[in-house]
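Quick one, fold the following:
(2 chains)
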Amino acid sequence: MKFRAKIVDGACLNHFTRISNMIAKLAKTCTLRISPDKLNFILCDKLANGGVSMWCELEQENFFNEFQMEGVSAENNEIYLELTSENLSRALKTAQNARALKIKLTNKHFPCLTVSVELLSMSSSSRIVTHDIPIKVIPRKLWKDLQEPVVPDPDVSIYLPVLKTMKSVVEKMKNISNHLVIEANLDGELNLKIETELVCVTTHFKDLGNPPLASESTHQDRNVEHMAEVHIDIRKLLQFLAGQQVNPTKALCNIVSNKMVHFDLLHEDVSLQYFIPALS
Amino acid sequence: MAAMLKCVMSGSQVKVFGKAVQALSRISDELWLDPSKKGLALRCVNSSRSAYGCVLFSPVFFQHYQWSALVKMSENELDTTLNLKCKLGMKSILPIFRCLNSLERNIEKCRIFTRSDKCKVVIQFFYRHGIKRTHNICFQESQPLQVIFDKNVCTNTLMIQPRLLADAIFLFTSSQEEVTLAVTPLNFCLKSSNEESMDLSNAVYSEMFVGSDEFDFFQIGMDTEITFCFKELKGILTFSEATHAPISIYFDFPGKPLALSIDDMLVEANFILATLADEPSRASSPQSLCLSQKRKRSDLIEKKAGKNVTGQALECISRKAAPRRLYPKETLTNISALENCGSPAVKRVVGDVSEVSESSVSNTEEVPGSLCLRKFSCMFFGAVSSDQQEHFNHPFDSLARASDSEEDINNVCCRKFNGSDAKYFCII
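Prediction:
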């Protein structure tokens, strides 16, 4: 098993740092999957995460100037690691304004992801910061639990409003209730709703637009104004929203009534899928 | 006339002054204002006496600076001068200097003066449009501590622009208490202290290499590895960014204090930090490391008893009982006392209480006969303020000896200190 990668471009480095910060906000520990052309940050729906799962994918060639890897075997040319995401984002914090960043898999007393940063200095490469991030290598037999989640056919699929606005709304609602109802229809309307014994608050978003549905025919008979709704834990939604520092180029919300809500975000070179299960 | 202080600063000066208060707040929760003809010194020492900080603002730093000492006529010809004894609680002064950037922008001047009759320091901020903000802080009459440490005799001296070290602030997690500085004639390396990360599979190990050519001055007498607290280093690094003056590091061998200083025309800052004494096996310290542990202990006790006649000696001995703690110094004691405290038998600098039980157990190998520590059946926790330390010296002294002899192992006593108040715990 081998892995070694290098970033020299400042913009790519910043972008990669941003992604790692986002991951750190979304998941305490995550799985990093390294394959010849992709990197994935994965959080799978164990009970410990309250059923939340995440799938973040980036094309390695959009970030790395050098990228070499050798998986467990030729037919399974992949590496799965478990790491504390905070450790990675913290290590990259020292990489702001760095000249180059190298990441490699090492084994120093225990397996590590070694992040080495060449800082800008007056002379040639004489300030170097290294972080050894302890990791766990995930054995082959557990890989099957870490595959890309299948998105069930949504009842409603709708574009999200500006995430910042949504975040400030949800932040305020969190003070009142622990549960939130997301409801949306095929007419571009999305409501965020909380209900307690004393008060009921709803924020309405309009004209958000719906992406064309894959299986148009099955939905033809459906009333476009019919709201599909899902009850979720407000903290999980807020965690997702707080992790988004940059507004994505595309942000989609798929609701499977009373089952789950699936967020699908697309930044330039990264896609993020985030699943929040419905409360029973 | 009573001792007094009066000074006036502009907005940008307040910023530097405030940064100094913030840096010192990492050391202690008490701060002395100590005016003299050399300028206004802010001093502090932590409760375990393992870190000392002093920032001296020269009289020309201020727009206006005035001070006086109380002169007492005594029977003999020598007059005794009594300086202002002004000890402030960090909790009361720190919030005043919180939002420094906005202070710098918005205030026209800041005036600090004392009212000794009322034991008060008055800090006034004058804003535009005649707005005035006044803080009255009560002070405690207490003689400021001073540490005499001749940094110029240190074998290793480094000087670097603060900007180049500033990245070190983010290098470690806030849970990292101690860091190790390793130097060779070519390299400077600041890294996570190994000892800390007992749980290696969880902690990130970080290091920062800086080549000797990055330094303004780089003089290494011998390859050295010293370990000290990160918190205070972080403090002075943050402060150094405000002054833009180069930061100097002076040190010798493990166990001897390290000095971090900034020497500017207007401001002079010195932070003196205790370092961990070396483990006997590493044997890079010129002290008698090849002796057996037991021998060294008795050696130390003798040395100390010989050198310091006062309660100091007792305190140093009691430190033997406290596993791995050492302290830089008391008022005006000679630094050599500190070196001794840092001898191999005692190991470590500042930690927090949560560490107590671990270190007493995990380091059992280092303390002869202390394997039995694992057998402790009951623990007693208590806290004493550092002022009361002396009362405890005697009991500790005897207990310390008990811990050395294997028969009496049930009588081991451990004492540890953390930031705010002295804590000891005692295992019966």
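
For stretch A:199-218, the averaged confidence score.
For stretch A:199-218, the mean per-residue pLDDT is 82.

How about the contacts made by residue 10?
The chain I'm using is chain A. A:Asn97 (Cβ atoms under 8 Å, 6 or more residues apart in numbering or on different chains). Bear in mind the C-beta positions are built from the backbone N, C-alpha and C, glycine included.

looking at chain B here, not the other one
Contact analysis of B:Ser10 by Cβ under 8 Å, 6+ apart lists B:63, B:108-110.

what about the nearest residue to B:Leu165 once chain neighbours are set aside, neighbour count?
Distance criterion Cβ to Cβ, 6 or more residues apart in numbering or on different chains; nearest residue to B:Leu165, sequence neighbours excluded, is B:Leu237 at 6.0 Å. B:Leu237 has 19 neighbours, counted by other Cβ atoms under 10 Å in any protein chain shown.

Likewise for A:Asn247?
Other residues close to A:Asn247 by other Cβ under 10 Å number 12.

Please apply the same query to A:Val8.
By other Cβ under 10 Å, 15 other residues sit near A:Val8.

Repeat that for A:Val199.
Neighbours around A:Val199, by other Cβ under 10 Å: 9.

so where does the spatially closest residue to it that is not a sequence neighbour fall, helix or strand?
Leaving aside its chain neighbours, A:Val199 sits nearest to A:Ile176 (6.6 Å; criterion: Cβ to Cβ, 6+ apart). Per DSSP states H and E: A:Ile176 is located in neither a helix nor a strand.

Spit out the contact partners of the closest residue to A:Ile138 other than its chain neighbours.
Nearest residue to A:Ile138, sequence neighbours excluded (Cβ to Cβ, 6+ apart): A:Tyr80, at 3.9 Å. Counting by Cβ under 8 Å, 6+ apart, A:Tyr80 touches A:31-34, A:137-138, A:142-143, A:146.

how close does A:Tyr80 get to A:Phe64?
19 Å (Cβ to Cβ, to the nearest Å).

partners of A:Leu39 in the sheet?
In this entry, A:Leu39 is beta-bridged to A:Ile34, A:Leu58, by DSSP bridges.

Once you drop chain neighbours, what's closest to the residue of the stretch 101-250 of chain A found nearest chain B?
Of all residues in the stretch 101-250 of chain A, A:Ser126 sits closest to chain B, at 2.9 Å by Cβ to the nearest Cβ. The shortest distance from A:Ser126 to any non-neighbouring residue, by Cβ to Cβ, 6+ apart, is to B:Gly211 (2.9 Å).

Surely B:Ser47 and B:Ser28 touch.
Yes. In this structure B:Ser47 lies within contact range of B:Ser28 using Cβ atoms under 8 Å: 7.0 Å.

phi, psi of A:Cys56?
phi -120, psi 130 (degrees, to the nearest 10).

Quick check: residues of chain A near chain B?
Within chain A, the residues that sit near chain B (Cβ under 8 Å from any Cβ of the partner chain) are A:84, A:87, A:90-91, A:93-94, A:108-110, A:112, A:119, A:121-123, A:126-134.

residue contacts, the nearest residue to A:Lys236 once chain neighbours are set aside?
Leaving aside its chain neighbours, A:Lys236 sits nearest to A:Ile276 (5.0 Å; criterion: Cβ to Cβ, 6+ apart). Contacts here follow Cβ under 8 Å, 6+ apart; on that basis A:Ile276 touches A:51-52, A:232-233, A:236-237, A:240, A:260-261, A:263.

Please apply the same query to A:Phe263.
A:160, A:240, A:251-254, A:272-276.

list the buried ones in the helix or strand hosting it?
Here A:Phe263, judged by DSSP H and E, is contained in strand A:260-266. Within strand A:260-266, the residues that count as buried by 16 or more other Cβ atoms under 10 Å in any protein chain shown are A:260-265.

just to revisit the earlier point, what's in contact with the strand or helix carrying the residue nearest to B:Leu165?
B:Leu237 belongs to helix B:230-243 when assigned by DSSP H and E. Residues from elsewhere that reach helix B:230-243 (Cβ under 8 Å, 6+ apart): B:15-16, B:19-20, B:22-27, B:51, B:53, B:55, B:162-163, B:165-166, B:168-169, B:172, B:176-179, B:247, B:260, B:262, B:264, B:267, B:269, B:271, B:273, B:350.

among the residues you listed, which are in helices?
Among the contacts of helix B:230-243, the residues falling in helices (DSSP state H) are B:15-16, B:19-20, B:22-25, B:162-163, B:165-166.

Just flag the most distant two among those residues.
B:Ser25 and B:Arg163 (22.9 Å; Cβ to Cβ).

Counting neighbours, go ahead and name the busier of those two.
B:Ser25 (19 against 12).

Look up how far B:Ile27 lies from B:Lys15.
Distance from B:Lys15 to B:Ile27, by Cβ to Cβ: 20 Å.

the more surrounded of these two?
Taking neighbours as other Cβ under 10 Å, B:Lys15 and B:Ile27 compare with B:Ile27 leading, 29 against 19.

In contact with that one, which residues are there?
Contacts for B:Ile27 (Cβ under 8 Å, 6+ apart) come out as B:44-46, B:51-53, B:231-232, B:235, B:271.

For chain B, what lies in contact range of chain A?
B:164, B:167, B:170-171, B:173, B:200-211, B:213-214.

Just the buried subset of those, please.
Using 16+ other Cβ under 10 Å as the burial test, these include B:164, B:167, B:170-171, B:203-211, B:214 as buried.

In chain B, what residue lies closest to chain A?
Counting by Cβ to the nearest Cβ, chain B gets nearest chain A through B:Gly211, at 2.9 Å.

what's the weakest-modelled helix or strand in chain B?
strand B:379-383 (a mean of 23; mean pLDDT, DSSP states H and E).

now swap in chain A and tell me
Per-SSE averages on chain A (mean pLDDT, DSSP H and E): minimum helix A:216-219, a mean of 54.

Name the next helix or strand following that helix along the chain.
Next along from helix A:216-219, by DSSP H and E: strand A:228-233.

What's the first helix or strand after that next one?
Using DSSP H and E, the helix or strand that directly follows strand A:228-233 along the chain is helix A:234-242.

Return the list of helices and strands in contact with that following helix.
For helix A:234-242, the packing partners by 3 or more Cβ pairs under 8 Å, 6 or more residues apart in numbering or on different chains; DSSP states H and E come out as helix A:10-26, helix A:163-174, strand A:179-184, strand A:270-277.

Do a quick rundown of the strands in the stretch 51-200 of chain A.
Secondary structure of the stretch 51-200 of chain A (DSSP state E, counting those that start in this stretch): strands at A:53-59, A:66-70, A:79-84, A:98-108, A:110-119, A:127-134, A:136-137, A:156-159, A:179-184, A:190-195, A:200-205.

Could you dump those strands into a markdown table with distance to B:Leu33 added?
Below are these laid out as a markdown table (distance: least, Cβ to Cβ, whole Å):
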| stretch | distance to B:Leu33 |
| --- | --- |
| strand A:53-59 | 53 |
| strand A:66-70 | 57 |
| strand A:79-84 | 44 |
| strand A:98-108 | 42 |
| strand A:110-119 | 38 |
| strand A:127-134 | 38 |
| strand A:136-137 | 53 |
| strand A:156-159 | 61 |
| strand A:179-184 | 53 |
| strand A:190-195 | 53 |
| strand A:200-205 | 53 |
